[in-house]
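In: Below is the sequence, then the predicted model.
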Amino acid sequence: MQLKNNIGGIFMKKDIRSILDIKYPIFQGGMAWISDSTLAAAVSNAGGLGIIAGANAPANVIREEIRKTKELTDKPFGLNIMLLSKNADELARMAIEEGVKVITTGAGNPGKYMNEWKEAGIVVIPVVASVALAKRMERAGADAIIAEGCESGGHVGKLTTMVLLPQVIDAVNIPVIAAGGIADGRGIGAAFFLGASGVQVGTRFLASTECKIHENYKNAVVKAKDIDTVVTGRTTGHPVQVLKNKLAKEYLSLEKENAPIEKLEALGKGALRNAVELGDVENGSLMAGQISGMISKVQSAREIIEEMFEEYEELKRAF
């Protein structure tokens, strides 16, 4: 399709496409144990920004994923670094060594890496869940911000995307990417109307042909209904949105009983990997966002992106 130059409408602060040299203003979320070279390259080849998840994986593993991605695409892609991870320092250095062009960050302040990253020409885009953190990231030198609402899958904050997004946009002067609860052209339109410069999508890409999660996990996302997600970990300070299953119910029950945090951590240890690699949909952690109920089929990353923006363009024409 031919994408219009005014894709974001009159409310967009700055077109993120010109900063990143991408066709569509859409990021693929950096999902731990999920966002690998195959998925990232597919999204980048389709015109978006594919992102590899660093998570807690050994640096040598992530280095190999970066190199594989370069073999699969000549388009821009990024690396997500969780700053509280034990491997953050190593990944921060390795990203420079491997010539990564875009870094998204979560769970911390990337300030101590900023000078080195900037000298290497890296675009830095932190994920935030509050206005205060967005301001701190801008002061630290971030090039853009991803404002993620609690509709998203995995680790979540307290505010919804519609509440968080306009407040962050009003608070900073750099581009803001909307994340959480975006699954189609209507979500893109809402984000742009609120002033976002782009969107980040995670859950819908779980149902992409290039996503290597176990088929059991993928099918659970496709079959999910509107109220099939739940947030665990509120009492521990590390809330996570997942599809309801045996593990989630047991976890919530233990939280209600004020179980020791050690018992909760033991229950959740390795649960995401069990879901991703083994397909254990009862005892694994099926991280997914509230838009799971909007996903009804598995498509290629290209089909997902083009469909979403075709819907958005059609919506614009209707107005």
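Out: It's in.

In: From the chain's centroid, how far away is stretch 132-140?
Out: Averaging C-alpha positions (CA atoms, centre = their mean, to the nearest Å) puts stretch 132-140 19 Å from its chain's average.

In: Now that stretch - C-alpha only, CSV.
Out: Extracted in CSV, the C-alpha atoms of stretch 132-140 (Å, rounded to 0.1, in the frame of the first residue of the first chain):
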residue,chain,number,x,y,z
ALA,A,132,7.9,11.4,36.2
LEU,A,133,10.0,8.6,34.6
ALA,A,134,9.4,10.1,31.1
LYS,A,135,10.8,13.4,32.2
ARG,A,136,13.8,11.8,33.8
MET,A,137,14.5,9.9,30.6
GLU,A,138,14.3,13.0,28.5
ARG,A,139,16.7,14.8,30.8
ALA,A,140,19.0,11.8,30.5
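
In: which of the residues in that stretch are buried?
Out: By neighbour count on 16 or more other CB atoms under 10 Å, the buried set for stretch 132-140 is 133-134, 137-138. Quick note: C-beta positions are derived from backbone N, CA and C, even for glycine.

In: Make JSON lines out of those and add pLDDT and distance to Leu159.
Out: Shown next, in JSON lines, are those (pLDDT from 0 to 100; distance: CB to CB, whole Å):
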{"residue": "Leu133", "pLDDT": "93", "distance to Leu159": "11"}
{"residue": "Ala134", "pLDDT": "94", "distance to Leu159": "12"}
{"residue": "Met137", "pLDDT": "92", "distance to Leu159": "16"}
{"residue": "Glu138", "pLDDT": "93", "distance to Leu159": "18"}
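
In: among these, which are in strands?
Out: Nothing among the buried residues of stretch 132-140 maps onto strands, per DSSP state E.

In: Show me which pair in those residues is furthest apart.
Out: Based on CB to CB, the longest span within the buried residues of stretch 132-140 runs between Leu133 and Glu138 and measures 9.8 Å.

In: Looking at the buried residues of stretch 132-140, spot the one nearest Ala183.
Out: Nearest to Ala183 among the buried residues of stretch 132-140, with distances taken as CB to CB, is Ala134, at 23.7 Å.

In: Isn't the closest one up against Ile146?
Out: No. Judged on CB atoms under 8 Å, Ala134 makes no contact with Ile146 at a distance of 9.5 Å.

In: what's the overlap in contacts for these two?
Out: Common neighbours of Ala134 and Ile146, counting by CB atoms under 8 Å, 6 or more residues apart in numbering, are 128, 176.

In: And the protein, what are its domain boundaries?
Out: As recorded under the TED database, the domains making up the chain are 1-208, 225-278.

In: For my notes, please list the ones you listed in a markdown table and give distance to Ser296 for each entry.
Out: Output for the domains of the chain, formatted as a markdown table (distance: least, CB to CB, whole Å):
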| stretch | distance to Ser296 |
| --- | --- |
| domain 1-208 | 9 |
| domain 225-278 | 11 |
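
In: and Glu119, how many neighbours?
Out: 9 (other CB atoms under 10 Å).

In: Check it and give its pLDDT.
Out: Here the pLDDT value assigned to Glu119 is 90.

In: same check, this time on Gly180
Out: Turning to Gly180, the model gives it a pLDDT of 96.

In: repeat for Glu257
Out: pLDDT recorded at Glu257 is 90.

In: and the gap between it and Tyr251?
Out: Counting by CB to CB, to the nearest Å, the gap between Glu257 and Tyr251 amounts to 11 Å.

In: and the two? which has more neighbours close in?
Out: Taking other CB under 10 Å, Glu257 and Tyr251 do not tie; Tyr251 has more neighbours (24 against 9).

In: just checking, what packs against the host helix or strand of the more buried one?
Out: Under the criterion of DSSP states H and E, Tyr251 resides in helix 246-256. Helix 246-256 sits against strand 229-232, helix 261-268, with contacts defined as 3 or more CB pairs under 8 Å, 6 or more residues apart in numbering; DSSP states H and E.
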